[in-house]
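**Q** Task: produce atomic coordinates for the following.
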Amino acid sequence: MTTRCVTCKAVESEARKNIDILYPDLVKKGKISFTVLNIEEPTGKVMGERLGVSGQALLIVKGDQKINITNEGFLYALSKPEKFKEIIKDKIDPLIK
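**A** Numbers count the residues shown, from 1 in each chain. The predicted structure follows:
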């Protein structure tokens, strides 16, 4: 969405930072990416519909697999960023092995 709260921005920032820190080689090779979509824009709307998203969301997607960690992001991105980093790692690691 175009208008976003401080927590939404923190979730995005922390998730992006953690992906870069945890998986620098895979990011560099293009095997892992962090993508921000605005469902109010045409491209974001199409992808949002495909993923079943109608509002703020943080998803880990690989092929047909979709892991929603939106709640964890809102709970921990600001208050316990290390916990949030652990959750991201715990969800992504099995997908890349």
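**Q** pretty sure Thr7 contacts Phe74?
**A** Yes. Distance between Thr7 and Phe74: 6.0 Å, which falls inside the contact criterion (Cβ atoms under 8 Å). For glycine as for every other residue, the C-beta is placed from the backbone atoms N, C-alpha and C.
**Q** Alpha carbons of the lowest-mean-pLDDT helix or strand in the chain, as CSV, please.
**A** When each helix and strand of the chain is scored by mean pLDDT, DSSP states H and E, helix 42-51 comes last, with a mean of 92. Presented in CSV, the C-alpha positions along helix 42-51 are these (Å, rounded to 0.1, in the frame of the first residue of the first chain):
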residue,chain,number,x,y,z
PRO,A,42,-1.0,-2.7,-11.7
THR,A,43,2.1,-5.0,-11.4
GLY,A,44,1.7,-5.4,-7.6
LYS,A,45,-2.0,-6.0,-7.9
VAL,A,46,-1.5,-8.9,-10.3
MET,A,47,1.1,-10.5,-8.1
GLY,A,48,-1.0,-9.8,-5.0
GLU,A,49,-4.0,-11.6,-6.5
ARG,A,50,-1.8,-14.5,-7.4
LEU,A,51,-0.4,-14.8,-3.9
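**Q** Parallel or antiparallel, list what pairs with the following helix or strand past it.
**A** Next helix or strand after helix 42-51 toward the C-terminus (DSSP states H and E): strand 59-62. Based on DSSP bridges, the strands next to strand 59-62 in the sheet, each with its direction, are strand 65-68 (antiparallel).
**Q** Check which helices and strands the strand or helix carrying Lys91 sits against.
**A** With elements taken from DSSP H and E, the one containing Lys91 is helix 81-96. Where contact means 3 or more Cβ pairs under 8 Å, 6 or more residues apart in numbering; DSSP states H and E, helix 81-96 is packed against helix 6-22, strand 59-62, helix 70-76.
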